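K.L.:
no sequence for this one, just the structure:
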């Protein structure tokens, strides 16, 4: 592919993780266009034709323009939702934009995706993650998904201690509209009350662990980082207390992670593991579009380089 072929980065403006990769591509002289579908149609224009040669035309932002036929790679990060506003017409327009612009961005001929948005969507569901992980030889703590309070109480009694995890970390606000985060929490046996029946809940046996691990995978390049120092169950609540150390993943975990990526058709994945007191690694989940830029530069830079390599090479 021509050296002038651009890399398309699909994400919002305030994405520090994408910034690191874009910066690395700029240092190499690779042309990059950043596009947020949430800016369509106010700041993004679209004219693409389809014929025997495939899609071609023009996608433009305020500062850049590209022909979809020339894109070498797509780094699909965290775009904002398509604008909708209120009312039926606005929602209809957002649906048309999602299937029009979104459909074109997901079907660029010859482009290498990290990751393809449809593969991301498939791999975001935790039940699918757990099922695939076990088939790939990765250890998963005993887990229950239910909306039956009596089954939840039984699981807590038999497997305790047990933690609760959200099945999806979507937007959530309290009654006053303030943004809220649902953290991983211990589940006392008497807390599995009638509220469980209102939706699906995930309960998981709490691992008696020595440390946590975030393993960032870019194709066959794996970057396992041991995380120590968390005083609580959910280390994401205690960044100021954490220490990081690059470690080697056990061979069975390496095999399992690579098989997992293959099963979902992923190039990138951010895996969370716990290391038991016996040294065995247990997989909690894999975010197909997870963060890694908060690590110190000596840890995050190799990940940015690996992603830039992949995007520059186009596969």
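P.N.:
Nice, I can see it. Quick caveat: nothing in here was measured; it's all calculated off a predicted structure.
K.L.:
the closest residue to residue 6 other than its chain neighbours: how many residues sit nearby?
P.N.:
Among residues not flanking residue 6 along the chain, residue 31 sits closest, at 4.3 Å (C-beta to C-beta, 6 or more residues apart in numbering). Just so you know, the C-beta spots here come from the backbone N, C-alpha and C atoms, and that holds for glycine as well. Other residues within reach of residue 31, judged by other C-beta atoms under 10 Å, total 16.
K.L.:
could you check the pLDDT of residue 31?
P.N.:
If you check residue 31, the pLDDT there is 96.
K.L.:
now do the strands for the stretch 51-200 of the chain: every range, in order, please.
P.N.:
Listed in chain order, the strands of the stretch 51-200 of the chain (DSSP state E, counting those that start in this stretch) span 54-60, 65-66, 73-76, 112-114, 143-146, 162-165, 185-186.
K.L.:
and of these, who's closest to residue 25?
P.N.:
Residue 25 lies closest to strand 73-76 among the strands of the stretch 51-200 of the chain, at 8.8 Å (C-beta to C-beta).
K.L.:
partners of the closest one in the sheet?
P.N.:
strand 7-10 (parallel), strand 112-114 (parallel) (DSSP bridges).
K.L.:
state the distance from the residue nearest to residue 6 to residue 82.
P.N.:
26 Å (C-beta to C-beta, to the nearest Å).
K.L.:
then residue 195?
P.N.:
From residue 195 to residue 82 the distance is 33 Å (C-beta to C-beta).
K.L.:
any idea what residue 201 is bridged to?
P.N.:
Applying DSSP bridges, one finds that residue 201 bridges with residue 146.
K.L.:
ah, wrong one, I meant residue 35
P.N.:
Beta-bridge partners, per DSSP bridges, of residue 35: residue 10.
K.L.:
so where do the helices sit in the stretch 201-315 of the chain?
P.N.:
251-264, 297-313 (DSSP state H, counting those that start in this stretch).
K.L.:
okay if I get those helices as JSON lines plus distance to residue 62 and mean pLDDT?
P.N.:
Output for the helices of the stretch 201-315 of the chain, formatted as JSON lines (distance: least, C-beta to C-beta, whole Å; pLDDT from 0 to 100):
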{"stretch": "helix 251-264", "distance to residue 62": "35", "mean pLDDT": "98"}
{"stretch": "helix 297-313", "distance to residue 62": "23", "mean pLDDT": "97"}
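K.L.:
could those be laid out in a markdown table, adding distance to residue 201?
P.N.:
As requested, the helices of the stretch 201-315 of the chain are exported to a markdown table (distance: least, C-beta to C-beta, whole Å):
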| stretch | distance to residue 201 |
| --- | --- |
| helix 251-264 | 24 |
| helix 297-313 | 33 |
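K.L.:
as JSON lines, the ones you listed with distance to residue 229 and mean neighbour count would be great.
P.N.:
JSON lines is the format used below for the helices of the stretch 201-315 of the chain (distance: least, C-beta to C-beta, whole Å; neighbours: other C-beta atoms under 10 Å):
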{"stretch": "helix 251-264", "distance to residue 229": "22", "mean neighbour count": "18"}
{"stretch": "helix 297-313", "distance to residue 229": "15", "mean neighbour count": "18"}
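K.L.:
now for the ones you listed, which one comes closest to residue 51?
P.N.:
When the helices of the stretch 201-315 of the chain are compared for distance to residue 51 using C-beta to C-beta, the nearest one is helix 297-313, at 27.9 Å.
K.L.:
counting by contacts, list what the closest one packs against.
P.N.:
Helices and strands touching helix 297-313, by 3 or more C-beta pairs under 8 Å, 6 or more residues apart in numbering; DSSP states H and E, are helix 16-27, strand 73-76, strand 112-114, strand 209-218, strand 221-228.
K.L.:
just the angle for the first one relative to helix 297-313, thanks.
P.N.:
For the pair helix 16-27 and helix 297-313, the angle between their directions (axes from the mean of the first three to the mean of the last three C-alpha atoms, to 10 degrees) equals 60 degrees.
K.L.:
quick one, domains of the chain?
P.N.:
7-114, 121-126+208-288, 142-205 (automatic domain parsing).
K.L.:
quick revisit: so for residue 303, which of the strands paired with strand 73-76 sits nearest?
P.N.:
Nearest to residue 303, of all those, is strand 112-114, at 11.9 Å by C-beta to C-beta.
K.L.:
run through who's touching the closest one.
P.N.:
Residues external to strand 112-114 that are found in contact with it (C-beta atoms under 8 Å, 6 or more residues apart in numbering): 72-76, 119, 218, 267-268, 307, 310-311, 313-315.
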